[in-house]
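**Q** Kindly generate the corresponding structure for this input.
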Amino acid sequence: MDVAAMLDRIKEYYGCTRNIDFANHFHITQQNANTWYKRDRLDYDTIYKYCPEIDPDWLLSGGEGEMLRKPKQVIVGDGNTQVGRDLNQQPEDNAKLEKALDALRAEQESVKKAQEHAERLTVIIENLTARNDK
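**A** Residues are numbered from 1 along each chain as shown. Model prediction:
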């Protein structure tokens, strides 16, 4: 199945009869939505974000198989990514996954703080360099 046919199926599933409705569903411009068709490419991150019911395997396989996730799957979102997870997993597996997600969130926060610190140091260095140049 080509990308245009896949996009048409997604549009149909969400009841988007006009391209502007489709663009609004994804919080993108109509021009951006048209570009998906013209370039024959999917924006996987955007589709994952706004279409949690869509099976990632369907997207990655070029439209092979079922478009929707199996009913046993739920979506766990942390604002940045979405992960399908089978409800039949053992509780200890769920606890390990939650612990790993917490560790990733903490690491992400540490990186953010380090970037802010680096930006402050850059400003200080620029100010010192400017003083020395005078």
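
**Q** Just list the residues touching Y13, thanks.
**A** The contact partners of Y13, by CB atoms under 8 Å, 6 or more residues apart in numbering, come to 53, 67-68. Backbone N, C-alpha and C define where each C-beta goes, glycine included.

**Q** out of the residues you listed, who has the most neighbours?
**A** The most crowded member of these, judged by other CB atoms under 10 Å, is M67 (19 neighbours).

**Q** Nearest spatial neighbour of that one, chain-adjacent residues omitted?
**A** W58 (4.9 Å; CB to CB, 6 or more residues apart in numbering).

**Q** Same question for A4.
**A** Nearest non-adjacent residue to A4, counting by CB to CB, 6+ apart: Y37, 5.4 Å away.

**Q** Let's verify that neighbour: helix, strand, or coil?
**A** Under DSSP: H, G, I helix; E, B strand; the rest coil, Y37 falls in the helix class.

**Q** ditto for G15
**A** coil.

**Q** burial count for it?
**A** Residues near G15, counting by other CB under 10 Å: 9.

**Q** Kindly report the same for D43.
**A** Neighbour number of D43 under other CB under 10 Å is 16.

**Q** show me the contacts for the residue nearest to it when sequence neighbours are not counted.
**A** Leaving aside its chain neighbours, D43 sits nearest to W36 (6.4 Å; criterion: CB to CB, 6+ apart). Shown in contact with W36 (CB under 8 Å, 6+ apart): 3, 7, 42-43.
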